[in-house]
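Colleague: show me the folded form of this:
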Amino acid sequence: MKRSAKIKLVLISGLSSAVLSGCEPPPAVSTQNFYTNNCYVPGAGYYHAPFRQWYILPYNYLDPRTGLYFFGGKWGQQPLASITNISAPTYEAVQLVESTRTDISRGGFGGYGGGYYGSGFHA
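Modeller: Purely as a prediction, here's the structure:
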């Protein structure tokens, strides 16, 4: 039993270390990939793993003016304590991120999509 537990830990550790290595903006966001809290994509924002979406502010951001914490598109009195720190985004989140990100060339007339945060963006 101990041996299989160690193997599981190694596999989880390997997956986490691959994702945690700087969290460079991914070439393409996918529902098949896993992202950690605060993985940043220019134009889309920061990933909040428990909510499987990107938001304009980092996960558990503390606003010094109000003393409130931001997570999952809302504000709370305390930071959100969640065991989920890595997850795969929803299909809708992937579509939104790919349409709002500003770090890739889109070709055509504009060259990139700009930083538009439409009504579907969770900010």
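Colleague: isn't residue 23 right up against residue 34?
Modeller: No: with contact defined as C-beta atoms under 8 Å, residue 23 does not reach residue 34; the gap is 11.0 Å. The C-beta positions use only the backbone N, C-alpha and C, and glycine is treated the same way.
Colleague: list the contacts for residue 62?
Modeller: Contact analysis of residue 62 by C-beta atoms under 8 Å, 6 or more residues apart in numbering lists 68-69, 79.
Colleague: which one of the residues you listed is nearest residue 54?
Modeller: Distance from residue 54 was checked for each of these by C-beta to C-beta. The minimum falls on residue 69, at 17.4 Å.
Colleague: and stretch 63-78, C-alpha only, in PDB?
Modeller: The C-alpha trace of stretch 63-78 is given here as PDB (Å, rounded to 0.1, in the frame of the first residue of the first chain):
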ATOM      1  CA  ASP A  63      -8.100  45.200  -1.300                       C
ATOM      2  CA  PRO A  64      -6.100  47.500   1.100                       C
ATOM      3  CA  ARG A  65      -8.800  50.100   1.100                       C
ATOM      4  CA  THR A  66     -11.700  47.900   2.100                       C
ATOM      5  CA  GLY A  67     -10.000  45.000   3.800                       C
ATOM      6  CA  LEU A  68     -12.000  42.600   1.600                       C
ATOM      7  CA  TYR A  69     -10.700  39.600  -0.300                       C
ATOM      8  CA  PHE A  70     -11.600  38.800  -4.000                       C
ATOM      9  CA  PHE A  71     -12.300  35.300  -5.200                       C
ATOM     10  CA  GLY A  72     -14.700  33.900  -7.800                       C
ATOM     11  CA  GLY A  73     -16.000  37.300  -8.800                       C
ATOM     12  CA  LYS A  74     -17.100  38.300  -5.300                       C
ATOM     13  CA  TRP A  75     -15.700  39.900  -2.200                       C
ATOM     14  CA  GLY A  76     -15.500  38.300   1.200                       C
ATOM     15  CA  GLN A  77     -14.400  39.200   4.800                       C
ATOM     16  CA  GLN A  78     -11.800  36.500   4.700                       C
END
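Colleague: tally of neighbours for residue 66?
Modeller: In terms of burial, residue 66 registers 9 neighbours under the definition other C-beta atoms under 10 Å.
Colleague: having no further points to raise, I will conclude here.
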